[in-house]
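Trainee: Quick check, what structure comes out for this input:
(one chain, ligands or ions: 1)
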Amino acid sequence: MSNLDYSFDQQHIWHPYSSMRFPTPTFGVTAANGVRLTLDSGEQLVDGTSSWWACIHGYGHADIVAAMQQQLQQLSHVMFGGITHQPAIDLCKQLLALAPNNLTKVFLADSGSIAVEVAMKMALQYWQGRSANTKSKILTVRRGYHGDTFAAMSVCDPTEGMHSMFGANVAQQLFAPAPKTPFGEQLIADDTAELEQMLAEQHQQIAALIIEPIMQGAGAMWFYSAAYLKRVRELCDKYQVLLILDEIATGFGRTGKLFACEHADIQPDIMCVGKALTGGYISLAATLCSDEVASGISDSPAGVFMHGPTFMANPLACAAANASLTLISQGTWQQQVAAIETQMQRELAPAAAFEQVVAVRVLGAVGVIELNHTVDTGKLQQEFVKRGVWVRPFSRFIYIMPPYVINSEDLSQLTAAMVEVAKLTRAPTTSQFISHG
Ligand SMILES: *Cc1c(COP(=O)(O)O)cnc(C)c1O
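Mentor: The predicted structure is shown next:
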């Protein structure tokens, strides 16, 4: 049976958004292959999370494993200051070939949150270079999520995020209402009215607008209209504000387009990618920018871009990303994501009839059941494990973002479990645990 020291884990190891006094239950995983996680009990679970939206090609993919093994033997890490290497050059070539074509420069970062920090710093240094030092605020929309570091937190939803916890340590940014118009619909007349008013009145203080394109993920599990995003681009141009698109969750096919900004046929000035960049094998993210942004930064008093992490462009991570992007470039993801979308639309639909369900939403390889109450993540997780699947609900959302390689039988097991568990849930009558992440 179990060889894992769960008691040590509970006493000494933090897990995401967890308490050391009341540790949330954890499941030991000993191996993973394809879409299956093997627990230390020997049980196998079909994974509906892609390990937080990253593992798009499934676990143990031969190409990625081979690329990493080969890289490990040759050069696992070397500093990037004054040194360069083939894996980084190959990766940036591949990234620029796939990304919106106005983006020409790449900064390789350690994680999504850091890519967001870098994007915000780029915007500030850009305006210093254009002698517009007053442009130092970041504008965003409510219900966003951009990461857990301090600058990233400052642009997360100000009420559901961590602003109140850290008070003055979180920079004061500007928040417009969350986009209301659903994906696929004509823009609701006043949806961007307040955003435009803020830009009109305060653009001289605004360096950049940051937004998750099309899908507001961890803050809302909401898909909004491409027309809204198109309007955001127009407003940024009109008021001379840089547009930062956070494609960390949406990049590499998740919403049915390679990048979600393609739904709106627009290009950002700065773009963040992460999560699925390495196929979910190892941490790596990137911030891409245009020639104009890079040139503004060069004109700034510093003259250089002031960031340089110790493990920048880690060759092992670059090798994994190269193998993952090579798979993406082959294009199979398009049929896979389209098939997942069609099947989820069909199989999740019955949940819409439950009284505790507010809405069922599907876009690309993302399927969401929104409930009318907050769930106990730990409790529901156990229900899912009983049904042989790995799904991690949070707040009012039961959702899946499966690996693109999932077959229809395994996907049916996931959707059936989601519908069954949604049916079991009830709005709490007494106080209950609030769970995060
Ligand atoms: C996950 C996520 C981040 C943060 O990425 P980390 O790698 O967890 O730091 C930022 N933005 C979006 C949209 C995300 O989904």
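Trainee: how about residue 275, what does it touch?
Mentor: With contact taken as Cβ atoms under 8 Å, 6 or more residues apart in numbering, residue 275 is in contact with 52, 53, 54, 112, 248, 249, 251, 285. In this view, the C-beta of every residue, glycine as well, is placed from N, C-alpha and C.
Trainee: Return the backbone torsion pair for the first one.
Mentor: Right, residue 52. phi 60, psi 50 (degrees, to the nearest 10).
Trainee: what about residue 282, neighbour count?
Mentor: Here the number of neighbours of residue 282 (other Cβ atoms under 10 Å) works out to 17.
Trainee: sec struct for the closest residue to it other than its chain neighbours, please.
Mentor: Leaving aside its sequence neighbours, residue 282 sits nearest to residue 317 (Cβ to Cβ, 6 or more residues apart in numbering; 4.8 Å). At residue 317 the chain is in helix, as set by DSSP: H, G, I helix; E, B strand; the rest coil.
Trainee: any idea how far the residue nearest the centre of the chain is from residue 87?
Mentor: Note on the chain: the residue nearest the mean C-alpha position is residue 249, at 2.4 Å, using Cα atoms, centre = their mean. Going from residue 249 to residue 87 by Cβ to Cβ, to the nearest Å gives 24 Å.
Trainee: Buried residues in stretch 40-53, which are they?
Mentor: 44, 45, 46, 47, 48, 49, 50, 51, 52, 53 (16 or more other Cβ atoms under 10 Å).
Trainee: residues touching the residue in the stretch 251-400 of the chain that the ligand sits nearest to, list them.
Mentor: The minimum distance from the stretch 251-400 of the chain to the ligand, using Cβ to the nearest ligand atom, falls at residue 274 (4.9 Å). By Cβ under 8 Å, 6+ apart, the residues touching residue 274 are 109, 111, 112, 115, 248, 251, 284, 285, 286.
Trainee: rerun that using 6 Å as the cut-off
Mentor: When contacts are counted by Cβ atoms under 6 Å, 6 or more residues apart in numbering, residue 274 touches 112, 115, 248, 285.
Trainee: tell me the pLDDT at it?
Mentor: We have a pLDDT of 98 for residue 274.
Trainee: do the one 10 residues further on as well
Mentor: Note for residue 284: predicted pLDDT of 98.
Trainee: That one against residue 317, yeah?
Mentor: Yes. The pair residue 284 / residue 317 is scored as a contact, 3.9 Å apart, by Cβ atoms under 6 Å.
Trainee: shared neighbours, these two?
Mentor: Listed as contacting both residue 284 and residue 317 by Cβ under 6 Å, 6+ apart are residue 278.
Trainee: mind showing which ranges of the protein have poor pLDDT?
Mentor: 1-2, 428-437 (pLDDT under 70).
Trainee: Please list the residues of it that sit near the ligand.
Mentor: 111-113, 116, 145-147, 212, 217-218, 246, 248-249, 274-275 (Cβ under 6 Å from any ligand atom).
Trainee: residues near the residue in the chain positioned nearest to the ligand, how many?
Mentor: Nearest residue of the chain to the ligand, counting by Cβ to the nearest ligand atom: residue 112, 2.1 Å away. Residues lying near residue 112 (other Cβ under 10 Å) number 29.
Trainee: Let me see the ranges of the helices in the protein.
Mentor: 6-12, 50-53, 62-74, 86-98, 112-129, 150-154, 163-166, 193-202, 226-238, 291-299, 315-329, 332-348, 377-386, 408-424 (DSSP state H).
Trainee: Now distance to residue 360 too, for these, in CSV please.
Mentor: Formatted as CSV, the helices of the chain follow (distance: least, Cβ to Cβ, whole Å):
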stretch, distance to residue 360
helix 6-12, 36
helix 50-53, 19
helix 62-74, 33
helix 86-98, 31
helix 112-129, 27
helix 150-154, 30
helix 163-166, 31
helix 193-202, 28
helix 226-238, 20
helix 291-299, 39
helix 315-329, 28
helix 332-348, 5
helix 377-386, 17
helix 408-424, 9
